[in-house]
Every structure is written in C-alpha cells, then in structure tokens.
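Participant: Below: sequence and its predicted model.
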Amino acid sequence: MIYDYCVIGGGIVGLATAMKLLESEPQASLILLEKEEQLGKHQTGHNSGVIHAGVYYTPGSLKAELCRRGAKETKLFCDTHDVAYDNCGKLIVATNRQEEARLEALAERSARNGISVQSIGADELKELEPNVVGIGALLVHETGIVSYTAVCHAMARVIRERAGQIVTGDRVEAIQEYPDHVAVDTAGASWRAKKLVVCGGLQSDRLARLAGLKTSHQIVPFRGEYYRLPQEKRDIVKHLIYPVPDPALPFLGVHLTRMIDGSVTVGPNAVLGFAREGYPKFSFNAADVAEFARFGGFWKMLRANLRSGLKETSNSLRKSGYLQECRKYCPSLHLDDLIPMEAGIRAQAVAADGTLIHDFLFLETSRTLHVCNAPSPAATSAIPIGEMIARKVQIG
C-alpha cells in the first residue's frame, strides 16, 4: 500500500499536522510513525504546560500571529474534546526601574498584537498576589495552563476517528525518495507514501540527513531544569509569575508556573545538555556530545553566550543561586522548598555562524518536508502550525 501521507514524529506538531491533513482531505490515507511507545514523550511532555498569549513577539510577525491563533484554537480544541485547562492569567513582574521601562514596552507590543493586558502598580500586585513583590506588573489575561500530553492523546483520537493510523515504538532507520513515492523503513516494517512530513524535534537534523538532505545547522540540546514546590505551598500564587525578560538573554528566565494538576513549578533555567534525550541531571551521551563538538557553529554560539551560559550553569550547580533568581519576586521561598524534578530538553537549532535560530526552518524536496525548527511556543501554536504545514504538502 502507498499512503497519501506519512508523518514522522508523535509530538504535538506532528500530531497537529496529521490531524489537519485529514481534516482538509477526509478521504486521504495517512500513517504517523513514532519511535517511542508513548506519544508526546519528549519536548511536548516535558514543557511547562503554558498556553502563551504572545506578548513577546514582534507585531505582525508569523510567530505573533501563530501564537495568538494557537492560544484560541488550543482552548477551543480542549473545549471540544473535553481536555481540562485553566485560563489563570500571567503576571510579568518588574522589580526595578529598568524592568519597569521594559514592562511599558511590552504593554505597547501587546496592544499592537491585539492581546488584552493590564498594567498594575505595586499595591494592586500585592492584592492579587500577597506572596509576590514588585514595583509593578503586567497582567496578561489570556495566558492559560494545560497538559499538552493530554492534548496529544485527544489529537490521536481525532486522527484515528478519521481513519488515520498511528504506529508507536518503531524507530525510523532509512528514508529514500523516489520519483513517485517516499520509502520509510523502520526497525519493524517498511512504509510507502506519496508525501512525507518529518516533525522530528530533537532528532530533526539527523532525520533530514538520513533522508539525504544537506544541513547547515545542528540541533544542540538545552536543558530546562525545574523544581517543584511542596504540597503546602501549592497556593503560593494564583497566576503564573514571570520576570521581565532581559533582551540580552536568549531565554525568558526563571518563573513560577501553576500546573494543571495543581502543583507549582519553579524554572526553568537553560543550560547546555550533554544528551539529546537524557532527562536526569548529569545525563551524558558520548555520541551526542561528539556530534555538536565537531560543529563549528556550536563553538561560535558558546563564545557569543558565554557570560549568560556560565551564570545558568552556576545556578544549575548551586541551588542557592537558583533560589536567588526566584526570591527577586517571591521572597518567601526557601532552599527546602525547591524539590528537584525531571528536566525538559529544548531542541535548539544553531546555525553555522553560531546564531540561535528562533524562526521556522524547513527543508523541502518534491515529496518531503522536514520541520527542522518549530520555534517556541510551538506547543501553544501547534494547531495553526499543523495547518500551515498541511497546506505546504497537500496533494489535492
């Protein structure tokens, strides 16, 4: 059998793409392949579960549009398919005058992006969040929380209801393109499809090279390390609490995040990972390290971000340093409150010149499309991203 479509990757972007392909072409045949036994096991299952509103993105940009649409469509999908979420809102807290000025700029950017926000002073902040301190904050009403793993399971149900097939626990070992189809060989079977979409996440560059494509970038793993607060501190905040982002740093900084299961996490930091899929602390994979160590762009990236990287690494090794980042806006936290939990790993695409790639990166042939980078917040934006990818590869 030759399927109309084969999708490699059972994370949220791959599932959303398969779902949208079957929505637009109900008669199409489709198979989705995932190497793990569970769907959404890697980036999707290890993120903070935030439904982002899109306050940080350049007005008019594709990322801003996809995030804004994604937040609405994710909530609509959850309503339709009985997935629990909480539209709890987010407070971006300024702790000094410099951050307050940045907060004003964020408020202006939010307005241009059509996002409902409210600037509040220190007194109102104290009323909303008695355990949080700051000289002002931006309340983002549309930010929510969800389990993206639960969203993945709901998407899988939709795919199967539309006669799509999902195969788990079968690793792709070869990809060969022919004039009229693409052949995909796994450890357990061989598959044929007219069009192939690869949403490989942490393995996306390797899968592209497996298909014979030349890549000038490489995926470098960054660990996002979290702590969980104890049961008795689950009520410490009512909203998500974020610091004002520093434009000199590539990531948002440590924040307090309520989770859909009622727990509260602190994090993440962002440190270099030594294994693409190694979640416990000090995980090391010699092949992964050797691969990025041979890549010139890695060393250029390292030099450009050395100062922030050393600080993040120090906070990773010293729990007290991590705590200081949290106590800037939540001074009631103590060392004993920070309970280690499993990290997340971000598939950071790095260009040959050392630039961190924060936009979409696709590699295409006549019959294949490789999603080599789906920028943050890809989980929030997954449904419109899937629609965009589906339009790119549709046969009919």
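Facilitator: That came through, no problem.
Participant: quick one: the strands in the stretch 151-300 of the chain?
Facilitator: If you assign secondary structure with DSSP state E, counting those that start in this stretch, the strands in the stretch 151-300 of the chain sit at 165-168, 172-177, 182-186, 190-198, 218-224, 227-228, 240-243, 255-258, 264-267, 271-272.
Participant: could those be laid out in a markdown table, adding mean pLDDT, distance to Ala390 and mean neighbour count?
Facilitator: Glycine gets a C-beta too; all of them are placed from N, C-alpha and C. Supplementary listing: the strands of the stretch 151-300 of the chain in a markdown table, determined by pLDDT from 0 to 100; distance: least, Cβ to Cβ, whole Å; neighbours: other Cβ atoms under 10 Å:
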| stretch | mean pLDDT | distance to Ala390 | mean neighbour count |
| --- | --- | --- | --- |
| strand 165-168 | 98 | 17 | 16 |
| strand 172-177 | 98 | 20 | 16 |
| strand 182-186 | 97 | 17 | 19 |
| strand 190-198 | 98 | 8 | 21 |
| strand 218-224 | 95 | 24 | 23 |
| strand 227-228 | 94 | 37 | 20 |
| strand 240-243 | 94 | 31 | 23 |
| strand 255-258 | 93 | 31 | 24 |
| strand 264-267 | 92 | 33 | 22 |
| strand 271-272 | 92 | 34 | 20 |
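Participant: Let's see the distance spanning stretch 241-257 from one end to the other.
Facilitator: End-to-end distance for stretch 241-257: 7 Å, by Cα to Cα, to the nearest Å.
Participant: roughly how far out does it sit from the chain middle?
Facilitator: Centroid separation between stretch 241-257 and its chain, computed with Cα atoms, centre = their mean, to the nearest Å, is 15 Å.
Participant: Distance of Asn113 relative to Ser366?
Facilitator: Asn113 sits 36 Å away from Ser366 when distances are taken as Cβ to Cβ, to the nearest Å.
Participant: Who has more neighbours out of those two?
Facilitator: Residue environment comparison for Asn113 versus Ser366 gives the larger neighbour count to Asn113, 21 against 8, counting by other Cβ atoms under 10 Å.
Participant: related to what we said a few turns ago, want to throw the strands of the stretch 151-300 of the chain into JSON lines with distance to Glu99?
Facilitator: JSON lines is the format used below for the strands of the stretch 151-300 of the chain (distance: least, Cβ to Cβ, whole Å):
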{"stretch": "strand 165-168", "distance to Glu99": "45"}
{"stretch": "strand 172-177", "distance to Glu99": "46"}
{"stretch": "strand 182-186", "distance to Glu99": "49"}
{"stretch": "strand 190-198", "distance to Glu99": "41"}
{"stretch": "strand 218-224", "distance to Glu99": "22"}
{"stretch": "strand 227-228", "distance to Glu99": "23"}
{"stretch": "strand 240-243", "distance to Glu99": "8"}
{"stretch": "strand 255-258", "distance to Glu99": "14"}
{"stretch": "strand 264-267", "distance to Glu99": "19"}
{"stretch": "strand 271-272", "distance to Glu99": "23"}
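Participant: For Ala352, find the nearest of the ones you listed.
Facilitator: Distances from Ala352 to each of the strands of the stretch 151-300 of the chain were compared using Cβ to Cβ; the minimum, 8.4 Å, belongs to strand 218-224.
Participant: Which secondary structure elements does the helix or strand hosting Arg109 sit against?
Facilitator: Per DSSP states H and E, Arg109 falls inside helix 97-112. Contacts defined by 3 or more Cβ pairs under 8 Å, 6 or more residues apart in numbering; DSSP states H and E place helix 97-112 against strand 90-94, strand 117-121, strand 136-140.
Participant: So what angle separates the directions of it and strand 90-94?
Facilitator: For helix 97-112 against strand 90-94, the angle between stretch directions is 140 degrees (axes from the mean of the first three to the mean of the last three Cα atoms, to 10 degrees).
Participant: Let me see the mean pLDDT of helix 97-112.
Facilitator: Taken as a whole, helix 97-112 has a mean pLDDT of 93.
Participant: How is the chain partitioned into domains?
Facilitator: Per automatic domain parsing, the structural domains of the chain span 2-45+149-217+359-393, 220-232+254-356.
Participant: quick one: contacts for Arg391?
Facilitator: Shown here is Arg391, whose contacts under the criterion Cβ atoms under 8 Å, 6 or more residues apart in numbering are Ser24.
Participant: what helix or strand does it sit in?
Facilitator: helix 382-393.
Participant: same question, Lys311
Facilitator: Taking DSSP H and E as the criterion, the element that holds Lys311 is helix 306-317.
Participant: Could you list every helix and strand that the helix or strand following that helix packs against?
Facilitator: Per DSSP H and E, helix 306-317 leads on to helix 319-327 as the next helix or strand towards the C-terminus. When contacts are defined as 3+ Cβ pairs under 8 Å, 6+ apart, helix 319-327 sits against helix 306-317.
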